[in-house]
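1. Structural data only, the sequence is not supplied:
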Ligand code: NAD
Ligand code: LMR
């Protein structure tokens, strides 16, 4: 019979492909972890999704396992099962940790989430040292440098394989620009650089593809909306946490891009917060080219030919981003 067009019923998903990868989600019982695990299970490139959480995640894994996509879903609950959840995985995604409530900054989450990320990255270093690591837990501007220091201490740091997930900023920028300019959403691509908190989120609207022109007022209005989009959701959820569904969607896109790169696709670009030398800061979000080895190239050309507004915003974000990076790094050494 002729297969329908729906993604859920394509032939490639009924028959596992030659290259298939294992993905672990740490924090899989949470608001992001559950829909993210579902989206990962739908990928034709995935053979298994491992769901780990300190809360009981066996029910979520059992629930997912009934979806007739080729990959398996397995649940791992509690620290005694953490090592097994990481066995043979190619990509580890970390959305574990507490989310913001109204009135909080992402940095207010540091004390709780730094400990969680440290523990989990130590386990990744011991059990999956070659995996790509995607950090979602906030504050990303600090948790990624923190993770790098943990991996260095363990002697397994590969800067090409550690990523802060900033895809949601790009997803938001694309959505808001397409709405404002009446463009076909699928075509719009806005690079977002800097970091992932407040003014450190810098959409480079002048580099939007396809080429679009913005008045100064439009550029400022869109930039501020993109920078505050996380807070927009936190306030709308009124005490029930922060973005989960759009985050899961964005993180699934970043996982899929990573898997395509691991599968040998030579044309994969995403924005991510990575170790970088395109500015004086040791970590910086920008477009990166992905390959089997991780970051193949950090793209610096987007930082050339900025508008005055963008150039000023880039200067303005650096002190805050520098302090957040240093805070993350210091956390690891303070505790030794
Ligand atoms: P949530 O509270 O719904 O879920 C978090 C999950 O983490 C829970 O299931 C909890 O049991 C689990 N967890 C806690 N400690 C753990 C540990 N040591 N090991 C494993 N699991 C552990 O929160 P959420 O809404 O899913 O958000 C999670 C994190 O993602 C927050 O820090 C939030 O700020 C962040 N976030 C980041 C972005 C981004 O763009 N990078 C976007 C949205 C949210
Ligand atoms: C977001 O951008 O939605 C996340 O970083 C969550 C938050 O706290 O805003």
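-> Now that the structure is in, tell me what you want to look at. Here the structure is a predicted model, which is why all the values come from computation and not from measurement. Ligands and ions are numbered 1, 2, ... in the order given.

2. wait, isn't residue 183 in contact with residue 177?
-> Yes. The pair residue 183 / residue 177 is scored as a contact, 7.0 Å apart, by CB atoms under 8 Å. In short, each C-beta sits where N, CA and C put it, glycine included.

3. Enumerate the residues of the stretch 101-250 of the chain near ligand 2.
-> 106, 138, 168, 230, 233, 234, 242, 243 (CB under 6 Å from any ligand atom).

4. so which of those comes closest to residue 296?
-> residue 168 (23.0 Å; CB to CB).

5. Tell me the buried residues within the residues of the stretch 101-250 of the chain next to ligand 2.
-> Listed as buried from these are 106, 138, 168, 230, 233, 234, 242, 243; burial here means 16 or more other CB atoms under 10 Å.

6. just checking: which of those residues also lie near ligand 1?
-> Answer for these near ligand 1 (CB under 6 Å from any ligand atom): 138, 168, 242, 243.

7. helix or strand right after the helix or strand containing residue 231?
-> Residue 231 is part of helix 229-237, with elements assigned from DSSP states H and E. The helix or strand immediately downstream of helix 229-237 is helix 245-262, counting by DSSP H and E.

8. can that following helix be found next to ligand 1?
-> Yes. Counting by CB under 6 Å from any ligand atom, ligand 1 has neighbours in helix 245-262: residue 247.

9. Quick one: mean pLDDT for that helix?
-> Model confidence over helix 245-262 averages 98 on the pLDDT scale.

10. Show me what counts as buried in it.
-> Quick answer for helix 245-262 (16+ other CB under 10 Å): 246-262.

11. With stretch 268-288 instead?
-> Buried residues in stretch 268-288, counting neighbours by 16+ other CB under 10 Å, are found at 268-276, 279, 281, 283-288.

12. ok, the residue in the stretch 101-250 of the chain that ligand 1 sits nearest to - contacts?
-> Going by CB to the nearest ligand atom, ligand 1 is nearest to residue 138 of the stretch 101-250 of the chain, at 3.4 Å. By CB atoms under 8 Å, 6 or more residues apart in numbering, residue 138 lies in contact with 97, 99, 100, 106, 109, 113, 196, 197.

13. what's the answer for residue 84, then?
-> Going by CB under 8 Å, 6+ apart, residue 84 touches residue 76.

14. Of the ones next to ligand 1 among the buried ones among the residues of the stretch 101-250 of the chain next to ligand 2, just say which sits nearest to residue 305.
-> So of these, ranked by how close each gets to residue 305 (CB to CB), first place is residue 168, at 26.0 Å.

15. where's the spatially closest residue to residue 332 that is not a sequence neighbour relative to residue 280, distance?
-> Excluding its sequence neighbours, the residue lying closest to residue 332 (CB to CB, 6 or more residues apart in numbering) is residue 149, at 3.8 Å. The gap separating residue 149 from residue 280 is 19 Å, by CB to CB, to the nearest Å.

16. List the contacts of the closest residue in space to residue 264 that isn't next to it in sequence.
-> Closest residue to residue 264 apart from its sequence neighbours, by CB to CB, 6+ apart: residue 292 at 6.6 Å. Counting by CB under 8 Å, 6+ apart, residue 292 touches 261, 262, 264.

17. do the same with residue 164
-> 135, 140, 141, 143, 144, 195, 196, 272, 273, 274, 283, 285.

18. pretty sure the last one is in contact with residue 275, am I right?
-> So the one you mean is residue 285. No. Residue 285 lies out of contact with residue 275 (CB under 8 Å); the separation is 11.3 Å.

19. so who does the closest residue to residue 173 other than its chain neighbours touch?
-> In this structure, residue 173 finds its nearest non-sequential neighbour in residue 190, 3.9 Å apart by CB to CB, 6+ apart. Residue 190 sits next to 170, 173, 174, 177, 203, 204, 205, 207, 208, 209 when contact means CB under 8 Å, 6+ apart.

20. and the stretch 1-150 of the chain, which of its residues are near ligand 1?
-> 26-27, 29-33, 53-55, 95-100, 109, 113, 116, 119-120, 136-138, 140.

21. related to what we said a few turns ago, output the residues of the stretch 101-250 of the chain next to ligand 2 as CSV; include the columns distance to residue 314.
-> Formatted as CSV, those follow (distance: CB to CB, whole Å):
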residue, distance to residue 314
106, 20
138, 22
168, 20
230, 20
233, 25
234, 26
242, 26
243, 25
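
22. Thanks a lot, see you next time.
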